[in-house]
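[1] task: produce atomic coordinates for the following.
(chains A, B, C and D)
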2 protein chains.
Amino acid sequence: MTRTASEPHSPGAPAETDTIRVAVSTVIFTLRRLAGSDAVQVVLPLVRRTRDPHEGQWALPGGWLDATEGLDAAASRTLAETTGLAPSYLEQLYAFGAVDRSPTRVVSIVYWALLRADEITDGSVENVQWFDAAALPELAFDHNEIVGYALWRLRNKVGYSRIAHGLLADEFTLADLREVYEAILGRRLDPANFRRQVENSGTLIPTDRFRTGSHRPARLYRYNQDVELADRGPLDARH
Amino acid sequence: MTRTASEPHSPGAPAETDTIRVAVSTVIFTLRRLAGSDAVQVVLPLVRRTRDPHEGQWALPGGWLDATEGLDAAASRTLAETTGLAPSYLEQLYAFGAVDRSPTRVVSIVYWALLRADEITDGSVENVQWFDAAALPELAFDHNEIVGYALWRLRNKVGYSRIAHGLLADEFTLADLREVYEAILGRRLDPANFRRQVENSGTLIPTDRFRTGSHRPARLYRYNQDVELADRGPLDARH
DNA sequence: GCAAAAGTGTTCATAGTACACCCATGC
DNA sequence: GCATGGGTGTACTATGAACACTTTTGC
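    Next up, the predicted model:
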């Protein structure tokens, strides 16, 4: 440790060889029902790279951080530009900055997002394709590692936060909600116990409406906006 | 949304007006027993700024990210250079990048660290002073907000991870461990129940040694290195 | 009627909490 | 002895898992 650093936040740009660029990328999760109509899987959109490095490979949607925008705004903007999507749930995941993760030095601030079924605007965007999160191809850069970490956070957070909200429409049945949990956790849940747990949590308010069409009609619920479960702590106030 | 971004990770540096610099800072926590010898408080080292902006104010230890080092390495290096400390526990906290958080555009990758009692090398470093985390002065930049978030993470994580390890020497009594939890959580814990919970967790291995000196001798324990509690998920493999 | 999903009840195991109590040491 | 913290026992409560059972619809 003989090297000395310049003082942080002092004027004077680093030398040209020290150039470090800041990118922002987002892992966007949503659920998709398979054609067979029983299984539901976690899927995410990827963008095919049109330039080197890793031309032709699939990568997370993202872009360069603009000097005039904050990190959150950059995440929203870049994912809208590359995929046309505007997720309701968006949260910072992690900053990746290994020296060799790209030919040039890039620090990526990665976000993760949840998309409700009604927010999916599929179709018209070029070079975007949806992939099963459990069966990804080899992605550009360290993006496989990044998606793996995002999936871990998703599974972890679904246990103590009410993020399933970010994947459902305004009104939903308990079976809808349970399906979300089952898809994320990758295992079946007891309908009876699930009902009681979620009812006792106080996060749901029952409506007078029912969903009919098959067998006994199921009551529709909506999320109680008043309840804020432990989420991001003090940083939540900024949103 | 009329603006178009260049493709991420493509060559070609941004224009000079787009210059964004990357800094790395660390919130270092440790515990200190007050003179009265009963209460223990969470303290952290701050560095007095010797240049504008915010000259004379206290700030988190940190420095610029070097193009040849990863983020973790930069955190270790900068906190060693500014404080002389080498914490055993170091983990990324969050990336702060609001446009107006500094006169020039700076994205700070913030880490948080835990220092064991035997790792504190107090004294010889200039412009470093320890502060009670619960009673901080007004700090430079957005560092008050950052410390607040780090404290929230500390309190949150002590509940499901065994990070108290990062604040204790190799061998410790259950009273030592309980004291750590009480200082972090800010409330008293029942010694009897605390003992059972931590014994049943399987994270501790009892030694044959006892700490004597006051009343009945207390058995010394050490952490079971084999047990890895839920911590940072897949990212842990990189350490 | 019958299948199937909605919804209720009951039982058991486990984890946390409160608190009474005994044990071993310094003084 | 006695104060004090180390350490054990026990009863109560909350929570989750397992699973039997009733209800209401479509066909």
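[2] when you work out contacts or count neighbours from here on, use the C-alpha atoms and nothing else.
    Will do.
[3] if we ignore the residues flanking it in sequence, what's nearest A:F210?
    In space, and not counting its chain neighbours, A:F210 is closest to A:R219: 4.3 Å by Cα to Cα, 6 or more residues apart in numbering or on different chains.
[4] does anything pack onto the one helix or strand that neighbour maps to? Which helices or strands?
    Assessed by DSSP states H and E, A:R219 sits inside strand A:218-223. In terms of contacts (3 or more Cα pairs under 8 Å, 6 or more residues apart in numbering or on different chains; DSSP states H and E), strand A:218-223 is packed against helix A:174-185, strand A:204-211.
[5] helices or strands next to the top helix by length along chain A in the packing?
    Secondary structure of chain A read by DSSP state H shows that its longest helix is helix A:143-157. Judged by 3+ Cα pairs under 8 Å, 6+ apart, helix A:143-157 is in contact with helix A:174-185.
[6] residues in contact with the residue nearest to A:R222 when sequence neighbours are not counted?
    Nearest residue to A:R222, sequence neighbours excluded (Cα to Cα, 6+ apart): A:E171, at 4.9 Å. By Cα atoms under 8 Å, 6 or more residues apart in numbering or on different chains, the residues touching A:E171 are A:L220, A:Y221, A:R222.
[7] hmm, back to that, looking at the helices and strands packed on strand A:218-223, which is nearest to DNA strand C?
    helix A:174-185 (4.7 Å; Cα to the nearest atom of the strand).
[8] quick check: next helix or strand after that closest one?
    helix A:191-200.
[9] what sits up against that next one?
    Here helix A:191-200 makes contact (Cα under 8 Å, 6+ apart) with A:L174, A:A175, A:R178, A:L204.
[10] element containing the closest residue to A:W130 other than its chain neighbours?
    What sits nearest to A:W130 in space, not counting adjacent residues and going by Cα to Cα, 6+ apart, is A:P45, at 4.3 Å. A:P45 belongs to strand A:40-48 when elements are defined using DSSP H and E.
[11] now the end-to-end length of stretch A:38-58.
    Stretch A:38-58 has an end-to-end distance of 28 Å (criterion: Cα to Cα, to the nearest Å).
[12] kindly state the beta-bridge partners for the residue lying closest to A:F96 once chain neighbours are set aside.
    The shortest distance from A:F96 to any non-neighbouring residue, by Cα to Cα, 6+ apart, is to A:S108 (5.2 Å). Beta-bridge partners of A:S108, counted by DSSP bridges, are A:A23, A:F96.
[13] note down every partner strand of the following helix or strand past the strand holding A:P45 and its orientation.
    Note on strand A:40-48: by DSSP H and E, the next helix or strand toward the C-terminus is strand A:58-59. Using DSSP bridges, the strands paired with strand A:58-59 are strand A:40-48 (antiparallel).
[14] any idea which of the contacts of A:E171 is closest to chain B?
    A:R222 (28.5 Å; Cα to the nearest Cα).
[15] residues touching the nearest residue to A:L204 once chain neighbours are set aside, list them.
    Nearest-residue entry for A:L204: A:Y223, 4.7 Å, with adjacent residues in sequence omitted and distances by Cα to Cα, 6+ apart. A:Y223 makes contacts with A:H165, A:D170, A:T203, A:L204, A:I205, as judged by Cα under 8 Å, 6+ apart.
[16] one more: A:L31?
    Contact analysis of A:L31 by Cα under 8 Å, 6+ apart lists A:V40, A:Q41, A:V42, A:V43, A:A117, A:L167, A:V180, A:A183.
[17] can you count the residues close to A:S201?
    Per other Cα atoms under 10 Å in any protein chain shown, the neighbour tally for A:S201 reads 10.
[18] what pLDDT does it get?
    We have a pLDDT of 88 for A:S201.
[19] then A:G36?
    61.
[20] so how far is the host helix or strand of A:W112 off the chain centroid?
    Element membership for A:W112 (DSSP H and E) is strand A:106-114. Centroid separation between strand A:106-114 and its chain, computed with Cα atoms, centre = their mean, to the nearest Å, is 9 Å.
[21] check which element follows that strand along the chain.
    Defined by DSSP H and E, the subsequent element after strand A:106-114 is strand A:128-132.
[22] okay, that next one in PDB with CA atoms only?
    Extracted in PDB, the C-alpha atoms of strand A:128-132 (Å, rounded to 0.1, in the frame of the first residue of the first chain):
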ATOM      1  CA  VAL A 128     -35.700  -7.900 -27.300                       C
ATOM      2  CA  GLN A 129     -36.700 -11.400 -26.300                       C
ATOM      3  CA  TRP A 130     -38.100 -13.000 -23.200                       C
ATOM      4  CA  PHE A 131     -36.300 -15.800 -21.500                       C
ATOM      5  CA  ASP A 132     -37.100 -18.300 -18.800                       C
END
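[23] elements contacting that strand?
    strand A:40-48.
[24] and the strand it packs on with helix A:143-157, angle?
    Between strand A:40-48 and helix A:143-157, the angle comes out at 150 degrees (axes from the mean of the first three to the mean of the last three Cα atoms, to 10 degrees).
[25] contact partners of strand A:40-48?
    Here strand A:40-48 makes contact (Cα under 8 Å, 6+ apart) with A:27-34, A:55-61, A:82-83, A:127-134, A:179, A:183-184.
[26] what comes up buried for it?
    Within strand A:40-48, the residues scored as buried using 16 or more other Cα atoms under 10 Å in any protein chain shown are A:V40, A:Q41, A:V42, A:V43, A:L44, A:P45, A:L46, A:V47, A:R48.
[27] so does it get close to DNA strand C?
    No: figure legend: strand A:40-48 not in contact with DNA strand C (Cα under 7 Å from any atom of the strand); closest approach 14.3 Å.
[28] at the geometric centre of chain A, which residue sits there?
    By Cα atoms, centre = their mean, chain A has its centre lying nearest to A:A113, at 2.4 Å.
[29] right, and it touches A:L60 too?
    No: between A:A113 and A:L60 there is no contact under Cα atoms under 8 Å: 11.9 Å.
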